[in-house]
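Peer 1: turn this into a structure:
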Amino acid sequence: ATSAAALLGGLALLWAAQLPSICVDIALFAWSLSQVVAPVLSLALVPPNATRGAHGAQEGAALGCSFGFGVLESVTSLAQVLFMVVIGVLREAGGFHLVLLMLCGGLGVACALAAAL
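Peer 2: All right, here's what the predicted structure looks like:
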């Protein structure tokens, strides 16, 4: 649902010139809300998916959970850096419209992947 809200907001921003201003405001709100909620949702899913270690159920669960949070946070930070570089290159090459196309394409893939899972 979060990816779909971001995708719909991004698509609305692509056609912002043809939409009434209230629709653009709603699209910006959906886009902003999904950017705040998405990282929290992925971190909330770490504990159920953390593997248990060989030290026992409780210690292994804590180790797996802390390792899972660390890996997810590191990958998220790396992705943010890469996205900022790619967005900068795309803004120089084609402006804001090209960046929105890239983001909507990524969100479309995320929605398809979420539907498949």
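Peer 1: contacting residues for the residue nearest to the spatial centre of the chain?
Peer 2: By CA atoms, centre = their mean, the mean C-alpha position of the chain lies nearest to A38, the distance being 5.3 Å. Shown in contact with A38 (CB atoms under 8 Å, 6 or more residues apart in numbering): T2, S3, A6. The way it works is simple: take the backbone N, C-alpha and C, and place the C-beta from them, glycine included.
Peer 1: could you identify which of those has the most neighbours?
Peer 2: Greatest neighbour count in the contacts of A38, by other CB atoms under 10 Å, goes to A6: 24 neighbours.
Peer 1: wait, that one touches A30, no?
Peer 2: Yes - shown here, A6 and A30 form a contact pair, counting by CB atoms under 8 Å, at 7.0 Å.
Peer 1: any regions of the protein where pLDDT drops low?
Peer 2: 1, 39, 41-66, 68 (pLDDT under 70).
Peer 1: try it again at 50.
Peer 2: Where the chain drops to pLDDT under 50, the residues are 54.
Peer 1: immediately after the top helix by length along it, which helix or strand?
Peer 2: Taking DSSP state H as the criterion, the chain has its longest helix at helix 57-94. The C-terminal neighbour of helix 57-94 among helices and strands, as given by DSSP states H and E, is helix 96-116.
Peer 1: what packs against that following helix?
Peer 2: Applying 3 or more CB pairs under 8 Å, 6 or more residues apart in numbering; DSSP states H and E, one finds that helix 96-116 makes contact with helix 2-14, helix 57-94.
Peer 1: no further queries at this time; thank you.
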